Structures are given as structure tokens and as C-alpha cells.
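Peer 1: Sequence below, structure please.
(2 chains)
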Amino acid sequence: MEIANTAPQAGGLSGLLEKVCFTPAGLVGLAVLIVLPLIPPFNQEYLVRWLVQAAFIAALSVAFDFTAGYINIVNFGFCAIMGLGAYTSAILGLRTGLSPWVGIWTGAVTAAALGFVIGLITLRLRGIFAACLAWFFGLALMGLATKMVWLTRGPLGLRAPRLFETSSNVPYYYVILAMLLATYLVTRLLVKTKMGLAFQAIGQNMEAARTSGVNPVYYRIVNFTLSCALAGWLGGFYAHYYGILTPDMMHTSKTVEVLAVAYIGGRGSLWGGAVIAFPFIFAMELVRSSLSSLPGLNLIIYGLLLILVMIYYSGGFAEFYNQHFRKKEARA
Amino acid sequence: MSNNPTVSAVEWFKSAAGLTISLAVIAALAATIDRGPYILVNTVVTGGMLSLVAMGLALVFGVMNIPMFAHGEYFMIGTLVAYYVFTPMNGYIDQHTGTLAAALLPLVAIIVAGLAGGVMGVLTEKLVFSNLRKRSRENWVMNSFLLTVGLSVVLINLHQLIFGTEFKGIVGYWRGAPLSIMDVFISRDRCMAFVLAAVMVTAFWLFMTYTRTGRAIRAVSQDETGALIVGIDLNGILLLTMSMSCALAAFAGASLLFMYPSYPSVGLEPLYMAWFVVILAGLGNVLGAVVGAFIVALLKVLTVEYIGSGWEFVVPSVLIIIILIFKPSGIFGSEVRGILDK
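Peer 2: Reported below is the predicted structural model:
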């Protein structure tokens, strides 16, 4: 494997790559993902469906990690906010005939507005309190989605128009892959600026950050709003890909799924979750479909993996990769 | 601060705790007058059991600094064990209604379930938390929280894998006509559930206040290093705390088996409610959790009564969010040091 020389003075190709936040290995991975649905055995519809799911979870975990890994607030209502974006987009599409392509963005805007509010409210709270508050917001949102039957049709499920007319999953895959890429690039570019440094400072020690002249109010709100906006944006895709929305998608267990991927991938790395999501979702789906006589086994593996990673390897896959495959000076 | 009792009483009423409690009492009385005494009865029964779950949650946070997300799963274990212990006894009780054995056998099932919860707590501490504690205490609160998230997923799905997803419930523990209190008919199970909760809360309070071990637990919750210095066996205390709080949750689950049939995610609702309680009362405040449990139970009962069922997550969570905005450390405050910084 070629190893990236990410020293600042590097010119040429690697310098260009560094500017767009990719290592050669990452670029190869991206290329593989792009051609994957075209080569057998991955060109079968159900496997492309898994790919879409994996890419979706990957993108969510990147957006999740942007908050959890940097300002150190676990947004426990993450999937509820994603669901808000999904419902906004779907309802607008149904009631006003808005194109799904525009609807996705309205989902992002509403989710961002809610993220802004949560960010404002959690300002005074730290760590676990902020996580709980976001969680209660999520519970309240899910309760609303269940009970406001006139708007959301509740547990019956809301049908949403799909993005494409075809029944093929391949176009959806490229859309979500582009969204994953965009999510990664936006968060990564932000993290690389002075702002990212401020995020990390706040996450590690808020008092020290404040003493050094970092204004936590501003940065925390920006971070939270952006992360929620991305969640709502991805939620819009969810709505117009699966075509049906139930309040179940806002459940805490969905957030746990994203959280597990983000943490197993490696907190604070952004790319860790995105990389690990693909093999992970595939393994889970394989276990689920091949051992259907043992329901829930895949989730047990899920939970055990999260426990083991948290105890023995809290840096996750990203730390593992950095230690074994990267040169010292190139470590992020 | 004045020693004059009237002045301090007025002071107390003006404090957040006094305001909330007075408001809750007034709301409860108003609703009782408006809709009938069953509101009060429902609140008291729900609150009693909720206080057991919430107390365990507050204890684990106060002593071990673990924000337990898997607490509902110990509730689930309680319902499960009680179901499997009680079902074989059912036939015997049917034939011998009214005897002493019929009155005592359900208690046996509930106590066995509580003990099973305690054993699970010991296993959890030994297998999971002590390992994390040995390896790293950095960012402990968040890491242990995520650990309990994983634990919750594992326990729920283990239940599904081994025992299936069907509802495993019973009709009731104690046979006989419902009791009539304040013109409300309450089933014997509900009465017993409240009595058991009251007994457990009292016993727990006595244990924490008057025994040496109870004092040691409180010492650890105040200052871990200090407790180590005066020769308290820290690991033993942590183990005991974990096992006790899990036992409380399992006990609550077992006593409520007639309301909550056992199925994999039965623990989620008590868990949400218990979290509302501890956040409302202040994380780690064990006594506050008991009062908070009744307030949350009242909120839930009133919501179901006036707005309709299904809203019981929305209204309490919105109210608690509002409370948190003005009083981030909970209405009774938290005595646990340094929580806000972790």
C-alpha cells in the first residue's frame, strides 16, 4: 500500500489530495465503492440495497461523529432529528407536490433549525446532561410523530414519493455515495480550519478553552446546527429512497446503531465510521439473512462489539489503522 | 439563613424544590377533585414502583458515576425471572386459594427475581465495568454510558434469542376481589406493588442511613479517594452498589409483572421514565429520586387523563426540558461532585 506523505510542504499529487482531505488509500477505497455496484456479485439488487444502507449509515455516522468526536456531546436524539428531516421532506412532497430533490434541502433546513434550538438549550449543560436533553428531544419528537396522525399518519406509515422512477437501486446508490462524500468533505474541511481546533478544545476541556479565548457558545451552536442539518439532509434521502416513513425510524435504537458504527470506526476521526460501516452492515445483514432462525443474533454481535471496543480499544478502527498502517508523521 | 421555622419554611417554598413539590401537590389535588380519586391512587402506585427503578439509577450514578442506559434491562430480567418462577406455582395457587401459601408464593417469585437481578448486577460489574475501570478512567462518564448502551442492546436481544418475542405475562399474583380505597377499586396486585415499593424504599433508606456499609456507600459517592484513604474497600462497595441497584430494578419489574408482561424491550418505558426522574431530581440524588418519581408519575397520569394516551413521553419530556433550561442540576440539586465537568 502506498503511504500518504501528508507533510505540509508536499507538493504535486499528494499535496492536492491533502487539500481535499484524502489519502491515496482513501481515494482507492472511494474508487472501489464507485465501481462496486457494477461488478458481480455486487450487481445484484439486494446487494446494492445493502450497499445503499451501508452508505447511508456511513454518512450518518460521519455527521454524528462531527458532534460526538469533536465537541464531545453525544447527540442521543440524532435519528429523531434525521426523522424530522425525512418527515418534512415527505410531507412537503405530498402536500405541495414539491420535488424530492428540493424537499431534501427543506428537510436539512428544519433539522438545522431544531439543531440550533437544541444547541442553544444545551449550552449550559455538559456531557451526559446534554446527551439526555437531546435524547428527551428525540423522545418528544418520536412521540409527536406517532400521535400527530393527521399529519404523519402515525404508525400506519407515510408514503413518500421516490427520487427516481426506476425500481433499480443503483442510481440511489450513487446519490447516497455523493451525499456521503459531501458530508465527509464538509465536516473534514471545517475540522481542518481553526474552527476544528476550537471544537476539539471545547470537547476536551471547556474551561481551558474558554480561558484561551474560545467562545464555546458560538462553536457549540455551529457544530450542533451543522450536524443536525446533515442529519436532516440524509433523512430526506431516507424518505425518498425507502418511500415509507414510520415513527420507528426515530427510535433510540436507530441512534444506537449509528453510534455503534461511529465509535467502532473511531471517534474523532470522521472517516473511521464511514469505512467501517460497509463491512459492518454487510456482516450484519449476512448474519441476519443466513441465521434467520436465530433472530437478534446480529444485534448481539453489535452490542458485544461496541462493549469490547469501548473497553479494550476506545480509539476504534481509526486508531488501529493509524498505528499499524501509517507513518508516524502522517498521523492525523 | 434564619433558624426561625416559619422563615425557613417560606424559604423552602420559594426554592425550586418547594415550588415544584407544592405545584405537584396542588395539581394532584385539583385533578383528584376534577376527575375522581383514582388519579391519586394511580399516581401513588406508579410512583412507588418508579421510585425503585429511579433510586437504583440515581445510586449507580452517584456512587459509580455510570449513567446507566441498561437499567431497564434489569427490570426486564426481573419480569422474566418472576414469570418463569411464578408460572409453575400458578396451578398450586389455583387449587389452594385463600391459604397462606397462596399469599406467600408470589412474594417468593418476586424476591427470587430481585435476587436474580442482583446476581446479574454482580456479573455486569465483574465482566464489564471493572474491566473498563482497570483500563482507563479517562472520560469515564461518557465511556461507561456507551458501554451500557451496548449492554442494553445485548441483553434485549439475548432475551429475544433465548425466550422469543411473545408476551410472557400473568393475570395476577394475588387472587380475590379488588380492595376498595377512597371509593376506588384497586386490584390486590396494585396494592401489594405499592406496599412492596414502600417497604423497599424504607428498608433501603434505613440501610443507607444507619448501617456501616450504607455509610461507606455514601462516603464513596462523596469522595472516592477519601473513602479509599479511610480504608473502605472500594471495589467491594462498587460491586455492592451495582448489584443492589440492579436488584431494585429487577424487584420492581417482578412486582409489576401483571402490568408489564415480559418481552424483550419491556424495560424501555421504565427506563425512560426513570431517566426523566433522575434528571428532574438531580443526577445521583437518591432521596430526590423518590420524590421525583411521584412527580413524574403524576405528570404521566395527568397527561394520559387529560391529553390522551401516547402523549406520555411528549409532555413530560417537554416539561423536563423546560426545567433543565432553568435548573440544569435538577430541582433538588446534586451533591455528587464534579458531575458537570465530566
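
Peer 1: Dihedrals phi and psi, residue B:180?
Peer 2: Main-chain torsions, residue B:180, degrees, to the nearest 10: phi -110, psi 120.

Peer 1: Residue 122: what's it in contact with?
Peer 2: As the question left the chain open, I've gone with chain A. Residues near residue A:122 by CB atoms under 8 Å, 6 or more residues apart in numbering or on different chains: A:73, A:129, A:130, A:133, A:134, A:220, A:224. Using the backbone N, CA and C atoms, a C-beta is placed for each residue, glycine as well.

Peer 1: sorry, should have said chain B
Peer 2: Here residue B:122 is in contact with B:239, B:242, B:243 (CB under 8 Å, 6+ apart).

Peer 1: Would you point out the most distant pair within the contacts of residue A:122?
Peer 2: Using CB to CB, these span at most 14.3 Å, a distance reached by A:129 and A:224.

Peer 1: More neighbours: the two, which one.
Peer 2: Taking neighbours as other CB atoms under 10 Å in any protein chain shown, residue A:129 and residue A:224 compare with residue A:224 leading, 29 against 21.

Peer 1: Helix, strand or coil: sort out the more buried one for me.
Peer 2: Three-state assignment for residue A:224 (DSSP: H, G, I helix; E, B strand; the rest coil): helix.

Peer 1: Look at the residue nearest to it when sequence neighbours are not counted and say how many residues are nearby.
Peer 2: Among residues not flanking residue A:224 along the chain, residue A:119 sits closest, at 3.4 Å (CB to CB, 6 or more residues apart in numbering or on different chains). Residue A:119 is flanked by 27 other residues according to other CB under 10 Å.

Peer 1: For stretch A:150-160, what does the pLDDT average out to?
Peer 2: On average, the pLDDT along stretch A:150-160 is 79.

Peer 1: Same question for stretch B:141-149.
Peer 2: Average pLDDT, stretch B:141-149: 84.

Peer 1: any residue of that stretch up close to chain A?
Peer 2: Yes: judged by CB under 8 Å from any CB of the partner chain, stretch B:141-149 and chain A are in contact via B:141, B:142, B:143, B:145, B:146, B:147, B:149.

Peer 1: just for chain A, where's the confidence low?
Peer 2: Residue ranges of chain A with pLDDT under 70: A:1-21, A:124, A:126, A:326-332.

Peer 1: Okay, strands next: where are they in chain A?
Peer 2: Using DSSP state E, the strands found in chain A span residues A:158-159, A:244-245.

Peer 1: and for the first one, what are the contacting residues?
Peer 2: To tie it back to what came earlier, the one meant is strand A:158-159. If you take CB under 8 Å, 6+ apart as the criterion, strand A:158-159 is touched by A:87, A:90, A:91, A:94, A:152, A:243, A:244, A:245, A:246.

Peer 1: Would you mind giving the strands of chain A as TSV with mean neighbour count added?
Peer 2: Below are those laid out as TSV (neighbours: other CB atoms under 10 Å in any protein chain shown):
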stretch	mean neighbour count
strand A:158-159	17
strand A:244-245	19
